[in-house]
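A.B. asks: sequence and predicted structure are below.
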Amino acid sequence: MPTKVVIGAQWGDEGKGKIVDILAGRSEVVVRSQGGNNAGHTVEANGVQYKLHLTPSGIINKGTLCIIGNGVVVDPKVLLEEIDMLTEKGVDVSGLRLDLRAHLIMPYHIVLDGLAEEAKGKSDIGTTRRGIGPCYMDKAERIGIRVCDLMNEQVFINKVKENVMIKNKIIEKVYEGKGVSAVEIIENYLEYAKRLKQYVADTSVLLFNAIKEGKKVLFEGAQGTLLDIDLGTYPFVTSSHPVSGGVCVGTGIGPTMIDSCLGVVKAYTTRVGKGPFPTELFDEVGNEIRERGNEYGTVTKRPRRCGWFDAVIVKFAVRTSGLTELSVNKIDTLSDLGKLKICVGYKKGDEVLDEFPPSLEELALCEPIYEEVDGWEGDISNVTKYEDLPENAKKYIERIEQLCGCRVSMVGVGPNRAQNLER
Ligand code: GDP
Ligand code: IMO
Ligand code: MG
């Protein structure tokens, strides 16, 4: 069964979109299993840049079946805008399928995301304010509205009315905000339904059959391991499961149907939003990495926090997702930086930790232990073979491999499809 899971092994934005696009060229099906339009996946192919939020990054490859699985939370307005953007750019979206069990992001989710963040004041999480958390909350509370509800007009109208009544009480009475209009929501969403109807399906069935037929399937993770609601830096996390385990429940297949798991990392570390980040740099080197790597959020345009490569968190991702290989992106950004540092463990008082601690209070007491390594000089973005990389760049990759206990199978030297070295 040639099925591969691709996940983010840091705090998101590792370059998953690029890797999925590359691998999609050798696959027949690409599936998203969690998250929503908090994700921003960049694909650069044939001189065109695409920023995808909901559509699997396989869509750029003609003939690929692209599934938005049941575990994804879908803002239908955003999905339709994305379909229009792709169509305008000449991409054929006829292979897109939207699962009937997927939950819908409603306008009140977006309002509540913003109000809850504001009410938290300085303790806010720094969410993308796209309604992701409130939508997953409704799913867990069992009051969510699903794609299959949207496809049944009367059921949809009733559910919207019930929900809006409750949500407006919360919006107006708890947060003193402005309520939403059920009439407006119903009118807009029923229009979206007309356009989305052609894409909906019970995608678990499609996927199961494709796997049984021996088709090559890729699962495209969104966010990253340290943003996982169970395993990440809780509460500074997203509301879904970006680790490989999330793929099964989020797409409706069993774990015996997954062959391999690839973790995507950057050659350094970034994080957008709040929360702990042990190797964060607050100096000129951090600024340099941000500017050279163009580290600004794909979704919110916020400057990304930047720091050295942290082998502790990537080793954590190798363990929690059972990673079988790593793809290290953006090694080109580290050229000409002089000496580089890799975090090989954490020091807590006299104690050395080599596993990522569960509690943020314990993490706050930790200092990264750095190993200094020699950097390399010159533009490497035109290198086409791993062997042709500067010796120190190869040593850097090999050290990452050793420290994380996982083979590095791909190295990125630029944002384009072609700027990827296979090992
Ligand atoms: P994703 O969310 O994991 O798909 O990553 P994003 O698209 O949010 O952010 C990754 C950014 O890095 C995008 O702008 C990519 O075009 C870019 N990128 C990916 N791989 C490389 C690489 O190897 N080198 C450089 N310079 N940029 C890369
Ligand atoms: P991709 O798929 C980086 C972060 C937000 C915030 C936290 C919670 O592009 O890697 P949410 O809106 O999900 O409730 O916000 O998670 N976050 C991401 N950071 N990449 C992402 O996705 C992210 N999706 C959410 O910045 O800190
Ligand atoms: Mg991103």
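C.D. replies: Structure's in. What do you need? Numbering: from 1, shown residues only. Ligands and ions are numbered 1, 2, ... in the order given.
A.B. asks: elements contacting the helix or strand harbouring Leu262?
C.D. replies: In the assignment (DSSP states H and E), Leu262 maps to strand 260-266. Judged by 3 or more Cβ pairs under 8 Å, 6 or more residues apart in numbering; DSSP states H and E, strand 260-266 is in contact with strand 3-8, helix 16-24, helix 311-321, strand 325-329. For the C-beta atoms, the positions are set from N, CA and C on the backbone; glycine is no exception.
A.B. asks: list the contacts of the lengthiest strand in the chain.
C.D. replies: Counting residues, the longest strand found in the chain (DSSP state E) is strand 340-348. Contact with strand 340-348 is made by 278-279, 308-312, 334, 352-354, 357, 362-363, 365-375, 396, 399-400, 403, as judged by Cβ atoms under 8 Å, 6 or more residues apart in numbering.
A.B. asks: coming back round to it: JSON lines please, covering the helices and strands packed on strand 260-266 and showing distance to Thr55, mean pLDDT and mean neighbour count.
C.D. replies: Supplementary listing: the helices and strands packed on strand 260-266 in JSON lines, determined by distance: least, Cβ to Cβ, whole Å; pLDDT from 0 to 100; neighbours: other Cβ atoms under 10 Å:
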{"stretch": "strand 3-8", "distance to Thr55": "15", "mean pLDDT": "98", "mean neighbour count": "26"}
{"stretch": "helix 16-24", "distance to Thr55": "10", "mean pLDDT": "97", "mean neighbour count": "26"}
{"stretch": "helix 311-321", "distance to Thr55": "23", "mean pLDDT": "98", "mean neighbour count": "23"}
{"stretch": "strand 325-329", "distance to Thr55": "21", "mean pLDDT": "98", "mean neighbour count": "24"}
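A.B. asks: gap between Ala311 and Thr279?
C.D. replies: 10 Å (Cβ to Cβ, to the nearest Å).
A.B. asks: and this structure, which residues reach ligand 3?
C.D. replies: Taking Cβ under 5 Å from the ion as the contact definition, the chain meets ligand 3 at 13, 40, 298.
A.B. asks: for the residue nearest to the last one when sequence neighbours are not counted, give me the backbone phi and psi.
C.D. replies: Excluding its sequence neighbours, the residue lying closest to Thr298 (Cβ to Cβ, 6 or more residues apart in numbering) is Gly40, at 2.7 Å. The phi/psi pair for Gly40 (degrees, to the nearest 10) reads phi -140, psi 110.
A.B. asks: can you list the strands that the strand holding Leu262 pairs with?
C.D. replies: Here strand 260-266 has these sheet partners by DSSP bridges: strand 3-8 (parallel), strand 325-329 (parallel).
A.B. asks: identify whichever of the ones you listed lies nearest to ligand 1.
C.D. replies: The minimum distance between ligand 1 and the strands paired with strand 260-266 falls on strand 325-329, with 3.9 Å, by Cβ to the nearest ligand atom.
A.B. asks: the residue nearest to Thr298 is in contact with Val299, isn't it?
C.D. replies: Yes - counting by Cβ atoms under 8 Å, Gly40 does reach Val299; the two are 4.1 Å apart.
A.B. asks: so for ligand 2, which of the helices and strands packed on strand 260-266 sits nearest?
C.D. replies: strand 3-8 (5.3 Å).
A.B. asks: poorly predicted segments of this protein, please.
C.D. replies: The model of the chain has pLDDT under 70 over residues 1.
A.B. asks: residue in it with the shortest distance to ligand 2?
C.D. replies: For the chain, Cβ to the nearest ligand atom, closest residue to ligand 2: Gly273, 2.0 Å.
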